[in-house]
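Trainee: just to be clear, the model below is a prediction. Sequence and coordinates:
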Amino acid sequence: EEAAWMSSETVETAAEHERILREIESTDTNCIGPTLRSVYDGQEHGLFMDKLDVRIRNHDREIEKMCNHHFQGFVDSITELLKVRGEALKLKVRSKRTSLHRRTGRGLMNSMEELQRCRVQQRNIATTIDKLTHCLPVLEMYSRLQEQMRAKRYYPALCTLEQLEQTCLPRVEQYRFCGGSLVSL
């Protein structure tokens, strides 16, 4: 009879801890004090901290998966940008050489076509830089989250995670490397 009572109490405690965790994750940060107070007032503070650590590790794994998944697309974009830049410089040099050596109508026409291609590439480079600028805050936010987790600053980490999910990730979900759907953390 005592074992059944202990088991029932353990299940109730686990359910209460789960409820508190959901409340922390979904509550406005100004109202979180009473929720945390209920944890410290109870006798199962250690169990709650263990459950919180498990939840944090799960979020860490999900964040790491998402960043690893999207990081390769970011690296590929940078590599492509560098290739385009090199080709644009080659075209520019070739265009200058051609215009110096050929002053005929045909040479001038070829130079104009090369210049047009170069301008298109320059626009593409500028567009790529603009798109990458939108992606950098996601990586910076993830880096800040990792630092907070290593420093065991869980409350700021939860705030950072919330900001990452609600502010940064929606801004980049239209890009091809995101695949149109983000993993929900």
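Mentor: Sure, I can see it.

Trainee: name the element the residue nearest the centre of the chain belongs to?
Mentor: In the chain, the C-alpha nearest the mean C-alpha coordinate belongs to Val138, at 3.6 Å (Cα atoms, centre = their mean). Secondary-structure element containing Val138, defined by DSSP states H and E: helix 105-150.

Trainee: which helices and strands does that helix pack with?
Mentor: Helix 105-150 is packed against helix 45-101, helix 154-163, helix 169-172, with contacts defined by 3 or more Cβ pairs under 8 Å, 6 or more residues apart in numbering; DSSP states H and E. Any C-beta I mention is one placed from the backbone N, CA and C, and that applies to glycine too.

Trainee: which residues sit in contact with the closest residue to Arg144 other than its chain neighbours?
Mentor: What sits nearest to Arg144 in space, not counting adjacent residues and going by Cβ to Cβ, 6 or more residues apart in numbering, is Thr160, at 5.6 Å. Contacts were defined as Cβ atoms under 8 Å, 6 or more residues apart in numbering; by that measure Thr160 touches Met141, Arg144, Leu145, Gln148.

Trainee: and those as CSV, adding pLDDT, distance to Lys90 and neighbour count?
Mentor: Output for the contacts of Thr160, formatted as CSV (pLDDT from 0 to 100; distance: Cβ to Cβ, whole Å; neighbours: other Cβ atoms under 10 Å):
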residue, pLDDT, distance to Lys90, neighbour count
Met141, 86, 37, 19
Arg144, 90, 40, 15
Leu145, 89, 41, 22
Gln148, 92, 45, 18
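
Trainee: Throw those residues into CSV and include distance to Asp50, thanks.
Mentor: Formatted as CSV, the contacts of Thr160 follow (distance: Cβ to Cβ, whole Å):
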residue, distance to Asp50
Met141, 27
Arg144, 25
Leu145, 21
Gln148, 20
